[in-house]
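# structure of the sequence below:
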Amino acid sequence: MKIAVIARLQAHDGMGGEVVAAVEQVRPLVEAEAGTELFLAHRKQSEPDVVWIYELYTDSEAFERHKNGGALPRIQHLLAAPAVVTVAPVAAGKGS
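Alright, predicted model coming up:
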């Protein structure tokens with residue numbers, strides 16, 4: 001069963017761009033992970049210091065490999081608060 005992840009990253013004031021740059025730097029690590037199907041980041045103009053991450057994994061084992069891969073620790077110093085992460089099996093949708 002596919003696993004979806006939505007993460008909200010609250011950057012320190014004025015550091016949203018640095019968080020996006022750090023996410024871009026860890027992208028090669030994520031691209032090399034077996035079972036990682038989707039890894040996207042975005043931020044709204046009205047909330048430039050909040051970065052949303054969307055992830056999709058082939059199964060729970062792939063998510064566990066990602067979780068243990070070390071991407072998040074590389075950007076935590078840029079965050080004003082711990083990441084708020086929601087993890088759930090995909091219930092329905094295109095490609096599910």
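
# pLDDT weak spots in the protein?
Counting by pLDDT under 70, the chain contains low-confidence residues at 96.

# that one: helices as residue ranges?
16-31, 60-67 (DSSP state H).

# and the last one, what's buried?
Of the residues in helix 60-67, those with enough neighbours to count as buried (16 or more other C-beta atoms under 10 Å) are 62-63, 66. For every residue, glycine as well, the C-beta is placed using N, CA and C.

# JSON lines please, covering the helices of the chain and showing distance to residue 52.
Formatted as JSON lines, the helices of the chain follow (distance: least, C-beta to C-beta, whole Å):
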{"stretch": "helix 16-31", "distance to residue 52": "11"}
{"stretch": "helix 60-67", "distance to residue 52": "17"}
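
# what's the closest of those to residue 75?
With C-beta to C-beta as the criterion, residue 75 lies closest to helix 16-31 of the helices of the chain, at 4.1 Å.

# contact partners for the residue most central in space within the chain?
The centre of the chain sits closest to residue 53, judged by C-alpha atoms, centre = their mean, with a distance of 3.8 Å. By C-beta atoms under 8 Å, 6 or more residues apart in numbering, residue 53 lies in contact with 5-7, 9, 23, 39-41.

# equivalent analysis for residue 51, please.
Neighbours of residue 51 in contact, by C-beta under 8 Å, 6+ apart: 8-9, 11, 16, 19-20, 23, 41-43.

# nearest to residue 84 among those?
Checking those against residue 84 by C-beta to C-beta gives residue 8 as the nearest, at 4.4 Å.

# once you drop chain neighbours, what's closest to that closest one?
Sequence neighbours aside, residue 84 is the residue nearest to residue 8 in space, at 4.4 Å (criterion: C-beta to C-beta, 6 or more residues apart in numbering).

# what sits against the one you found?
Neighbouring residues of residue 84 by C-beta under 8 Å, 6+ apart: 7-8, 10.

# that one and residue 5, how far apart?
Applying C-beta to C-beta, to the nearest Å, the value for residue 84 to residue 5 is 11 Å.
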